[in-house]
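Trainee: only geometry, no sequence info:
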């Protein structure tokens, strides 16, 4: 097995059959099985508008002639945050495969010990390998700008590329699918505003200020702008991700020194739950706290009523949409695909998935929903 092979694995070893050998394109179109989506259970957390858009895209594809296509879905990982993306992608690939339209695999890194630079190089090599092996479409959660050249080379050969979770605006990718960080941050800020006492007051954001992570800065600034526009003073604390004790100690000092006093806290990432620890450290357990993502600690504090709400990314839909968008580009064309996706597109090519706002009294209902769609986190 090559170095690439050792560090990348197929999510479920998915290999899907295309139309039988020997059929002409016309015969295949006539015999094509319509795409049938696997229905999800009815649930209050189902994004109805996104589901309707997917149905519209599938209906349009079903009216077109069959266009067999090999798609590669390349994920940063198959575990943790990325596991629901893999679930969604595999489900969509399976539906497209049963209808004899798509072959391909969902692949992710298994080398958890490698650093970011190593993983970026591995993914770049994987992109080139997939193109050599006949990939006609790529969906990818990229590691960063180091992937741009390889993706643009693929695009120059007529291979459509869809980015997931992290956008590469400097590339020639066709469409990005995921949250838009600034608007997601603003939504979280507005959730906290509902819980704050009338100003003046200070809100401490456990967020990100280092410009090396643009999405982290944008999400933090989106929340800050919403709170400042409402008249609150905002302190941004840069998460000390790898040292929880130090992280909480620094937040404690900022809360104690704040003038006007802190009236609420907000966490922007998986380590949001540390806001609870900081509030406890200053003896202020009643401060309203709003979080982001759905770490187990966050869910536990929500059950206790300490975190009032969290904002969860829709990773399952990132993965599920990607193969359909890539195949739609081949089947009905990029412009027709964008026309269907238009209600969700920002700047013409960014599909804004939004976030699920989960209140503390709904935490277990939301976990049940994730279990039902196979998107546990």
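Mentor: Received the coordinates, thanks. Note that the structure is a prediction, hence the values are computed from the model and not measured. Residues are numbered from 1 along each chain as shown.
Trainee: how many neighbours does residue 306 have?
Mentor: When neighbours are counted by other C-beta atoms under 10 Å, residue 306 registers 22. In this view, the C-beta of every residue, glycine as well, is placed from N, C-alpha and C.
Trainee: list the contacts for it?
Mentor: 276, 279, 285, 289 (C-beta atoms under 8 Å, 6 or more residues apart in numbering).
Trainee: hmm, try it at 7 Å
Mentor: Counting by C-beta atoms under 7 Å, 6 or more residues apart in numbering, residue 306 makes contact with 276, 289.
Trainee: remind me which helix or strand the closest residue to residue 288 other than its chain neighbours belongs to.
Mentor: The shortest distance from residue 288 to any non-neighbouring residue, by C-beta to C-beta, 6 or more residues apart in numbering, is to residue 195 (4.0 Å). Residue 195 is part of no helix or strand when elements are defined by DSSP states H and E.
Trainee: pLDDT score assigned to residue 195?
Mentor: pLDDT, residue 195: 97.
Trainee: now it: how far from residue 248?
Mentor: 22 Å (C-beta to C-beta, to the nearest Å).
Trainee: these two - which one has more neighbours?
Mentor: residue 248 (20 against 14).
Trainee: please name the nearest non-neighbouring residue to that one.
Mentor: Residue 248 sits nearest to residue 277 (C-beta to C-beta, 6+ apart), 4.6 Å away.
Trainee: and the helix or strand hosting the one you found, what's buried?
Mentor: Using DSSP H and E, residue 277 falls within helix 274-281. Within helix 274-281, the residues scored as buried using 16 or more other C-beta atoms under 10 Å are 274-279.
Trainee: other SSEs contacting it?
Mentor: Under the contact criterion of 3 or more C-beta pairs under 7 Å, 6 or more residues apart in numbering; DSSP states H and E, helix 274-281 touches helix 244-257, strand 262-267, strand 289-290.
Trainee: what pairs with the second one, parallel or antiparallel?
Mentor: To tie it back to what came earlier, the one meant is strand 262-267. strand 202-207 (parallel), strand 289-290 (parallel) (DSSP bridges).
Trainee: okay if I get the helices and strands packed on helix 274-281 as CSV plus distance to residue 51 and mean pLDDT?
Mentor: Listed next are the helices and strands packed on helix 274-281 as CSV, based on distance: least, C-beta to C-beta, whole Å; pLDDT from 0 to 100:
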stretch, distance to residue 51, mean pLDDT
helix 244-257, 38, 98
strand 262-267, 29, 98
strand 289-290, 27, 98
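Trainee: comparing those, which comes out most buried?
Mentor: strand 289-290 (a mean of 30; mean count of other C-beta atoms under 10 Å).
Trainee: gap between it and the chain center?
Mentor: 21 Å (C-alpha atoms, centre = their mean, to the nearest Å).
Trainee: so residue 222 sits against residue 185, correct?
Mentor: Yes - counting by C-beta atoms under 7 Å, residue 222 touches residue 185, with 2.7 Å between them.
Trainee: re the thing from before, export the helices and strands packed on helix 274-281 to TSV and tack on distance to residue 83?
Mentor: TSV is the format used below for these (distance: least, C-beta to C-beta, whole Å):
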stretch	distance to residue 83
helix 244-257	24
strand 262-267	22
strand 289-290	25
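Trainee: so which of those gets nearest residue 302?
Mentor: Proximity to residue 302 (C-beta to C-beta) singles out strand 289-290 among the helices and strands packed on helix 274-281, at 9.7 Å.
Trainee: toward the C-terminus, what is the element adjacent to the closest one?
Mentor: Next along from strand 289-290, by DSSP H and E: helix 296-303.
Trainee: ok, and what's touching that following helix?
Mentor: 272-273, 276, 291, 307, 310, 360, 363, 367.
Trainee: ok, stretch 119-132 next?
Mentor: So stretch 119-132 is contacted by 4, 7-8, 72, 74, 107, 109, 138, 143-144, 146-147, 150-151, 154, 157, 159 (C-beta under 7 Å, 6+ apart).
Trainee: and it, which residues are buried?
Mentor: Buried-residue list, stretch 119-132, by 16+ other C-beta under 10 Å: 119-120, 122-127, 129-131.
Trainee: with distance to residue 90 and secondary structure added, can I get those in a markdown table?
Mentor: Shown next, in a markdown table, are the buried residues of stretch 119-132 (distance: C-beta to C-beta, whole Å; DSSP: H, G, I helix; E, B strand; the rest coil):
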| residue | distance to residue 90 | secondary structure |
| --- | --- | --- |
| 119 | 21 | helix |
| 120 | 24 | helix |
| 122 | 21 | helix |
| 123 | 19 | helix |
| 124 | 24 | helix |
| 125 | 23 | helix |
| 126 | 18 | helix |
| 127 | 20 | helix |
| 129 | 20 | helix |
| 130 | 17 | helix |
| 131 | 21 | helix |
